[in-house]
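Asker: Sequence first, then the predicted structure, then my questions.
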Amino acid sequence: MTLEQPARRILDAAAGYCELGMFHEAASELATIGVSHRAAPESLALSIEIYCGLEEWELMRASAKRLGEVQPDNVQWIIAYAFACRRISSVATAKKILLQAIPQFPREPAIFFFLACYDCQLGRMESAKDYLDRAVQIDPTCISVALKNEDLQLLMGHL
């Protein structure tokens, strides 16, 4: 479904609020979109960003799950789903979700990067190093991201 005006203007305004870190305003703006447009991929994607900014993990999880069903080939929604599940349930739950995604996305560095984060948080340092090494082999820019990631602080000597 292609969104047309005024739905497009509403999404653009909500996205602008997100860029400014004004997630409550973004949520209020997005709430004005018509019911028929709420399930559009663009609306769901923006809601994931909004709910993450508001730390509304249940809502983020629901949006990511729905978007993953609509666009199963987009790894971004699986990662968002796992992230929300981490906040709701546990790091182990998030890790399980990402492990299940590897066969579908064997060359996706973000999966291995987040697996490294999760194993680091679980105290599984050797496995975390292996996952991080795999992410870096696929995409060397993961090193600079890892250096700034709080979840990977215990691996700083490895980097």
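Answerer: Structure received. Residues are numbered from 1 along each chain as shown.

Asker: if you skip the residues just before and after it, what's nearest to the residue nearest the centre of the chain?
Answerer: Nearest residue to the geometric centre of the chain (CA atoms, centre = their mean): residue 80, 2.7 Å. What sits nearest to residue 80 in space, not counting adjacent residues and going by CB to CB, 6 or more residues apart in numbering, is residue 64, at 4.0 Å. Backbone N, C-alpha and C define where each C-beta goes, glycine included.

Asker: Mind pulling up the pLDDT for that neighbour?
Answerer: For residue 64, the model assigns a pLDDT of 97.

Asker: residues near it, how many?
Answerer: 26 (other CB atoms under 10 Å).

Asker: which residues does it contact?
Answerer: Residues near residue 64 by CB atoms under 8 Å, 6 or more residues apart in numbering: 48, 77-78, 80-81, 83-84.

Asker: Same check on residue 127?
Answerer: residue 119.

Asker: Leaving out sequence neighbours, find the closest residue to residue 156.
Answerer: residue 147 (7.7 Å).

Asker: Quick one: neighbours of residue 147, just the number.
Answerer: So residue 147, with other CB under 10 Å, has 12 neighbours.

Asker: now do residue 115
Answerer: Neighbour number of residue 115 under other CB under 10 Å is 25.

Asker: still on that earlier bit, residues in contact with the helix or strand encompassing the residue nearest to residue 156: which ones?
Answerer: Element membership of residue 147, judged by DSSP states H and E, is helix 142-148. Identification of contacts with helix 142-148 by CB under 8 Å, 6+ apart yields 109, 113, 116, 132, 135-136, 152, 155-156, 159.

Asker: what's the answer for stretch 71-84, then?
Answerer: Contacts of stretch 71-84 (CB under 8 Å, 6+ apart): 41, 48, 51-52, 57-58, 60-61, 63-65, 67-68, 94-95, 97-98, 101, 104-105, 108, 110-111, 114.
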